[in-house]
Structure formats: C-alpha cells, structure tokens
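S.K.: whatever this is, show me its structure:
(chains A and B)
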Amino acid sequence: MSDPVPLKTDDSGQVASATPPARGRSRLSDRGLAVVFTSPALLLLLGMSVFPLLWTLYLSFTDYSATRGGPAEFIGFGNYTAILTSPQVHQRTLTTLIFVVGAVALQTVLGFTIAYLISRRTRGRGLLTTLFLVPMMLSPVVVGLFWRFMLDAQFGVINSMLGSLGLGQVEWLTRQRTALLSLIVVDTWQWTPFIMLIALAGLTAVPKYLYEAASIDRASEWFRFRTITLPLVWPLLLIAVLFRAIEAFRQFDLVYILTSGGPGVSTETLSFHVYKVAFLGFNTGTASAYGILMVLVVIVLTQFYLRYLNKLKED
Amino acid sequence: MAISVDEAVSTGPVRDHTPPTRRLGGRGRSVLEVALLTVLAVVMLFPVLWMIETSIKENRDVYAVPAKFFGFTVTMDHFKDVFVSGGGRSGLSVSFLNSVVVAGVSTALATVLGVPAAWAYSRFAMKAKKDQLFFILSTRFMPPVVVVIPIFLMYRQVGLIDTQLGLILIYTAFNVPFTIWMMKGFVDEVPAEYEDAAMLDGYTRLQAFRRFTLPLLVPGIAATAVFALIFSWNEFVFAIFLTSSDDVRTAPPAIAGLIGGTTVDWGLVAAASVVFALPVLVFAYLVRKHLIAGVTLGAVRR
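M.R.: Just a heads-up that it's a prediction; the model follows:
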C-alpha cells in the first residue's frame, strides 16, 4: 500500500466551485480542511496520551504518593536509580524476558506450522482458518478465567485427563515453575492464531510459478521451503513477531487473572510489578519512573516494528 | 461501487484461491499432514468447547472428578443466573448493559473523530505526515498499566473516576489511532480522481468528500467500527482501575469479580463468558475479510 499521490494544496478546486452547488458553504482551503479534520483526533490524543505521559515523566522525578497527598518533593533521578539497582526489578525483568521470549517463540513456531499445513490443503481452508481464529477474538478475561478453571489442581479438566492417562497430577498455577509455564501456554493458546493468520497471508501470496520452476529443477521440498517460502514470508512474519513481542511485554490481564503474580513472585512480570507499586504500594513517584522505563522499552520495540512495516510497504 | 471497494481489500486468507503447492510427498505425507492439523485443531478448540459444555452442565457435573465429557445433565440454569438473580436483574446483566453503552458510544466517537482525520491524512500533503501517523499509532502501543497511573490521577482531579464518561473517553482515545490507520487504508483505495472530477463539476472539496467518497467508504467504516467495538468490549485494564461501583462497571471486571470469593461458581463463570464472547465471535465473523488489518491495528494490509 503506497501513499496516494498527494494532492496539490492549491486552490484550483475553489476556482471551479464557483458554479452552483458550492454556494453558501464555508469555503475552507484544503489546508484548512486538513487542520479541521485532523485536529480533533490529535487533540484527544494529546489530552489522553501525551499529557498523561508528560505528567508521569514529571512525577517520576518526585516522591509523590497518591494516597498520602501533600506536595510532591523533587528528588531528581532517585526513583530511576532505585529501580535500576533493585534486585526485585531485575528478577521481574528476567521473568518478563522468559515470558515474552517463550510465548512469542512458541506462538511463532506453532502459528507458522498451522499456517503452512493449512496452505497445503485444497479444501476446507476457509472453515479451518475460521475455527483456528476463535481463541484470538476472546477477551483476555474470558481466556484467563477459563484456563484457570481448566488448570485447577482439584477438578480441572487437564489434570483429569492426565489422571486417566495414568500420569500424576500437576499443581499448574500454584508451583513456581509450572505457573510461569502455564502463563506461557495460555498466552500461546490465545495468540498462535494471530501468527497463523499473518503467516497464512504471506504463504498464500507466494507466486505459484516459483514452486513450478523449482520443481522443474527437481529441487527438494526442504530446499524450496528454505529458498522460496521462507524468504518471501519472513518480512511479514517478522512484523507479526514484533507486534506480539510488544503485546506480550505489555501483558497484564492474563497475569492478573491467572496467577496474580504468584505463587510468591514467580509470575510477576514488569507490568504486574508496576501495578503493585502504583496501586498497592501507592509509591506513585517510583511507579511513574518504572512506567517511563517501560515506555522506553516499548518505544524501542515500536521503532523496530514501524521500520519493518515501512520496509514492507515500500516493497 | 461500494462492493468494489470491499472486494479490493478482501485478501484475507479465508477467500484466497491461490492453489496450494501440489502434493509431491505422496499420499502418506498428506495423511500425516491432515492428522497433525486435526490434532492441532482439537487442541486449539477444546478449551472453547469445554467452556460451552461447562456452561450447560449441572453443578455436580461441573465439579465431577474425573471430568465428564459426555452424558451429563443439560441445564440452562447458569444462563438464567447470568441475567436474573433473586427475581430482579442480576449484577452481571447490568454490567453487560454498561458494556454496550461504553463500547457503543466510544466506538461512535472514535469513528466520528477518526474517519475525517483518515481522509485528510490520505488526501492532503501535510508537514511530516508520516511522522504524525507513526506518532498516532505509537500512542496505541503504550502499556495500559502505565497509562492508567496518570489517567487515574487526572480523573480523580476532575471527578471522572468511576463514571461511564471516563471510560468512554479513554476508550475513544484508545480506538482513534486504530480508526485512523484502518480507515486511511480504505480511503487510499478510493481514487482521489473521483473527488477531483466532482470538484470540476463545481462541488467544494468537502461536498465531494461527503457525496462521493463517503458513500464508498461505508463498508470500510462498518468494518473499522466493528473492530473498535470488539476492542472496547474486551478491554479490562482501564475498566478495573477506573471503575469500582456495580452500576458503572463493565462486563470484563464484573465477570472477573465472580472468582473473588472463597468458592467459585464455575458454571456461572462459563455461562457469563459464553454470553460475553458470543457477540464478539459473531462480529468477528462478519469482518473476517478485514481481520489481518484489524488485528494489526490497520498497519498490515494484504
């Protein structure tokens, strides 16, 4: 999708509009029209996104607390040094990293596999795609709650199935290791369809003649996959992966509902820790600095995402 | 005309007719692939089926160990409990109504603000247009838990905490970037020449937009609005932090609130989840052609 040829902003249109239907209307120039049409949206974003962010930036240099009230004392980079040197935060960073890398990697492999398998079917592709997409459209609340029930140690269906297979029971959400694993599995379950959807779009766009040429050359299946399929799908897949990485980094809902960070702090991701600092500890200043640092990470990731997006569009 | 706009974008995989690669590995391989696909489909769909099953089971079957897959007594009691409790309307049904209002109004607002902006971004030369568009999209990527901290303080100052207006405002701000990006794609597909031609006939630019371009955009606007509706409907973080009372709360925090007590009525949770998810699935099915653009916030179009 390339940008349309930008229309000239001269007033040729206005000259022509001297004829009947134009009368009475306010004659805005194109430039004026552009301002009138875009500024309400931009103002809303300034008010609801930029201003809050700037306020957070200001608070991050103070010791403000939302409950204590009183004037905020300026403490410079105190909050930032406290966060960056805190072993607690380091641990959460590691947890988040494991979660993001684990979930996104699993989703990518599974999603791509499903897409590849579907793309090789001749019949029933529409139905299959639709069925596979269901988890993605569900609210994280529904997904989290329902998996919590399924993973329940006592009457959860997963343990029940394990039991009938003669395997032992697993306390999915109440053991340190398995809790984080469960979180990864549930996020993977919900978002594999996302990767699948985008990978499928890439796969179906690969021109058929490339495969035909390759099969004339008696190229092996693996060779064709490696030299034709993957290079052509990769740019789009990369965008999907980055998108998922940003989302997984921001993930809060699932952690909140599935484990609430527990047991102990084993599933506390950075998002969840910020929430605890801000809304349970009421250290608003510290939480703001924390938030700003997270926003910086998101901005870096978003930059990558936008760069690849731009590249894809130019091709 | 409207249809042609619609079709131009319809490259969702659902309708794609690109033939898959021919079978070279022979029959055995094909069977293996079908088997693998079936297993994956079962794994992906099982939780959804289990949820539906739980919602129509009697309580003693819900908690049966080992789990009962078949042969349970079917009951609609849980669905009844979602809507009525003790003769009157249940708390959950109030929250569903709140969700409809909040999602509906915020979607309408985002559409009213976003569509004209998308048109302007598509048609006019502007200073640093690309930067503006990227800035708009990046606001949507901010972590909600971080954004909610200053929003919470802001709302506390102006008395918007625990009001529907507060939620509507934040959801609108959250949907406007999406609407602009998604709609810009649709506007780009309508040739600017239509407007040029109309202007040669004596219409102003605004009239040309209203009379010629806007009607062509209706399918795109509908698809975009449906996605915005789904996003607001499913949203949880802002809802849980910015509202608390039962008559303001939307459905996601209300459903999450069902597991707060010592015992959890999983049948009710399942029934509420089904009622909550059903409209989303229906709507998502309606806009399946635009799903890729929709879920990537309008950024990827194929």
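
S.K.: pretty sure A:Ala66 contacts A:Thr284?
M.R.: Yes. In this structure A:Ala66 lies within contact range of A:Thr284 using C-beta atoms under 8 Å: 4.5 Å. Every C-beta, even on glycine, is put in place using the N, C-alpha and C of the backbone.

S.K.: what sits in contact with each of the two?
M.R.: Jointly contacting A:Ala66 and A:Thr284 under the rule C-beta atoms under 8 Å, 6 or more residues apart in numbering or on different chains are A:Ala278, B:Leu153.

S.K.: these two - which one has more neighbours?
M.R.: More neighbours sit around A:Thr284 than around the other of A:Ala66 and A:Thr284, counting by other C-beta atoms under 10 Å in any protein chain shown; the figures are 27 against 17.

S.K.: and that one, how far from chain B?
M.R.: For A:Thr284, the distance to chain B (C-beta to the nearest C-beta, to the nearest Å) stands at 7 Å.

S.K.: any idea how far chain A is from B:Leu160?
M.R.: Here B:Leu160 is placed at a distance of 11 Å from chain A (C-beta to the nearest C-beta).

S.K.: excluding chain neighbours, give the residue nearest to that residue in space.
M.R.: The shortest distance from B:Leu160 to any residue other than its chain neighbours is 3.6 Å, reached at B:Gly166 (C-beta to C-beta, 6 or more residues apart in numbering or on different chains).

S.K.: residues in contact with the one you found?
M.R.: For B:Gly166, the contacting residues are B:Tyr155, B:Leu160, B:Leu242, B:Thr243, taking C-beta under 8 Å, 6+ apart as the criterion.

S.K.: what does it show for phi and psi?
M.R.: Recorded main-chain torsions at B:Gly166 are phi -60, psi -50, according to degrees, to the nearest 10.

S.K.: about what we covered before: so can I have JSON lines of the contacts of B:Gly166 showing secondary structure and pLDDT?
M.R.: Compiled in JSON lines, the contacts of B:Gly166 are given as follows (DSSP: H, G, I helix; E, B strand; the rest coil; pLDDT from 0 to 100):
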{"residue": "B:Tyr155", "secondary structure": "helix", "pLDDT": "94"}
{"residue": "B:Leu160", "secondary structure": "coil", "pLDDT": "94"}
{"residue": "B:Leu242", "secondary structure": "helix", "pLDDT": "94"}
{"residue": "B:Thr243", "secondary structure": "coil", "pLDDT": "93"}
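
S.K.: and the host helix or strand of A:Tyr256, how far out from the chain's middle?
M.R.: Secondary-structure element containing A:Tyr256, defined by DSSP states H and E: helix A:253-258. Centroid separation between helix A:253-258 and its chain, computed with C-alpha atoms, centre = their mean, to the nearest Å, is 15 Å.

S.K.: any low-confidence regions in chain A?
M.R.: By pLDDT under 70, the weakly predicted segments of chain A are A:1-28, A:69, A:315.

S.K.: returning to that earlier point: identify, from the contacts of B:Gly166, the entry nearest to B:Ile56.
M.R.: Closest approach between the contacts of B:Gly166 and B:Ile56, by C-beta to C-beta: B:Thr243, at 30.7 Å.

S.K.: what about that closest one, distance to chain A?
M.R.: As defined by C-beta to the nearest C-beta, B:Thr243 lies at a distance of 14 Å from chain A.

S.K.: look up phi and psi at that residue.
M.R.: Geometry field for B:Thr243 lists phi and psi as phi -130, psi 150, criterion degrees, to the nearest 10.

S.K.: hang on, it packs against B:Leu160?
M.R.: No. Distance between B:Thr243 and B:Leu160: 10.2 Å, which falls outside the contact criterion (C-beta under 8 Å).

S.K.: in chain B, what helix or strand scores lowest on average pLDDT?
M.R.: Of the helices and strands making up chain B, the lowest-confidence element is helix B:2-9, at a mean of 34, by mean pLDDT, DSSP states H and E.
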